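Participant: Okay, predicted coordinates and the sequence, questions at the end:
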Amino acid sequence: MRAAAFGAILVIIYTALISSADAITKLIAGGYSAPQLFCLSGLIVVTLCAFADRHRSQQRGFRTTCPRAMALRAGATVLAAVSFFYAFRHLPFAEVFLFIGLMPILAGLMSGLILGEHVRPAAWAALVAGFIGVMCLFPTGLGAATMGHGFALAAAIFGTLSMIMARYIGRFEANSLAQVFYPNLAIFGVMALALPFVWQPMPLADLGLVVAYAALLFGARWLLVVALRLLAAYAVTPLMNLQFVWMVVLGAVFFGEFPAPGTYLGVAIVIGSGLFLVWDQFTPAGSRSTMPSLSWRIPRFKTDP
């Protein structure tokens, strides 16, 4: 119980940090390309990881017992970061939340396939309620699909996959810092290849934003990895819908964007479904009516434990 409660608190802190990082992404996206932001921030986060490992009481380095799973997590993180960057460029800040709200549903599906965490029927109902709540945030509908919506959907898919792989890896090793190090090393390496073609001089103020973004991202991702070891993925992702609260505030203050009044009904439904799934973590395992196992579950990676 204490582990689940602590995990929930970590996720709440994560939502504040990652929303602030998203706000910086939107600010930067208007004047710079994705490789410039992510190459610099990736390098900063990798450096912070090395510094943090050096000052831990027990230095573990960045060895991983799940190399293929870590590679898949790193690749998914790169794709999610780029997709979110262009989604924020083409869509209003709060509208991207619609696709973040799809992540609990995606996590429920991926958890069954990859982790074998088969969600009980009542929890599936909460996930569906959360999705309906997200739809209430935009009562006029999506309208015609745009490139921004495509990027946002891709970001939700790859972002969820990255989180699911983090929980998979967390089953076999406790080195959470390695899960922050390798995805950001991949981001730095990939973006460095494109950086010479898109580089633009940056004033000190913009460079400071990149440093702040990297620091927020480092803290957020580290907290999320720890939380994913304490809570099931389908309980973590609904709590992440609290990002909407932060996104509304940040959108209003920095971008002059105000959601329609009816969106608050959706927020109530989303938060309610998230709290239900956290409560589900406190239910004794013996009283849960789990769903039948899936015969087509993805097997473990052959080189991993």
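Facilitator: That came through, no problem. Only a predicted model underlies this, so the values are computations on that prediction, with no experimental measurement involved. Numbering: from 1, shown residues only.
Participant: Restrict stretch 212-232 to CA atoms and write it as PDB.
Facilitator: Output in PDB follows, covering the C-alpha atoms of stretch 212-232 (Å, rounded to 0.1, in the frame of the first residue of the first chain):
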ATOM      1  CA  ALA A 212      15.900  24.400 -18.000                       C
ATOM      2  CA  TYR A 213      14.100  21.900 -20.300                       C
ATOM      3  CA  ALA A 214      16.800  19.300 -19.900                       C
ATOM      4  CA  ALA A 215      16.800  19.700 -16.100                       C
ATOM      5  CA  LEU A 216      13.000  19.300 -15.900                       C
ATOM      6  CA  LEU A 217      13.100  16.300 -18.300                       C
ATOM      7  CA  PHE A 218      15.900  14.600 -16.300                       C
ATOM      8  CA  GLY A 219      13.900  14.900 -13.100                       C
ATOM      9  CA  ALA A 220      10.600  13.900 -14.700                       C
ATOM     10  CA  ARG A 221      11.900  10.800 -16.400                       C
ATOM     11  CA  TRP A 222      13.800   9.600 -13.400                       C
ATOM     12  CA  LEU A 223      10.700  10.000 -11.200                       C
ATOM     13  CA  LEU A 224       8.600   8.200 -13.800                       C
ATOM     14  CA  VAL A 225      10.900   5.200 -14.000                       C
ATOM     15  CA  VAL A 226      10.800   4.800 -10.200                       C
ATOM     16  CA  ALA A 227       7.000   5.200 -10.200                       C
ATOM     17  CA  LEU A 228       6.600   2.500 -12.900                       C
ATOM     18  CA  ARG A 229       8.300   0.100 -10.500                       C
ATOM     19  CA  LEU A 230       5.700   0.900  -7.800                       C
ATOM     20  CA  LEU A 231       2.500   1.100  -9.800                       C
ATOM     21  CA  ALA A 232       1.000  -0.900 -12.700                       C
END
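Participant: those helices in the stretch 51-200 of the chain, which residues are they?
Facilitator: 67-90, 97-100, 103-110, 121-136, 147-170, 176-198 (DSSP state H, counting those that start in this stretch).
Participant: Find the residue at the geometric middle of the chain.
Facilitator: Centroid check for the chain by CA atoms, centre = their mean gives residue 159 as the closest residue, at 5.3 Å.
Participant: so who does the residue nearest to that residue when sequence neighbours are not counted touch?
Facilitator: Distance criterion CB to CB, 6 or more residues apart in numbering; nearest residue to residue 159, sequence neighbours excluded, is residue 80 at 4.0 Å. Placement of C-beta: from N, CA and C, glycine included. When contacts are counted by CB atoms under 8 Å, 6 or more residues apart in numbering, residue 80 is found next to 154, 155, 158, 159, 161, 162.
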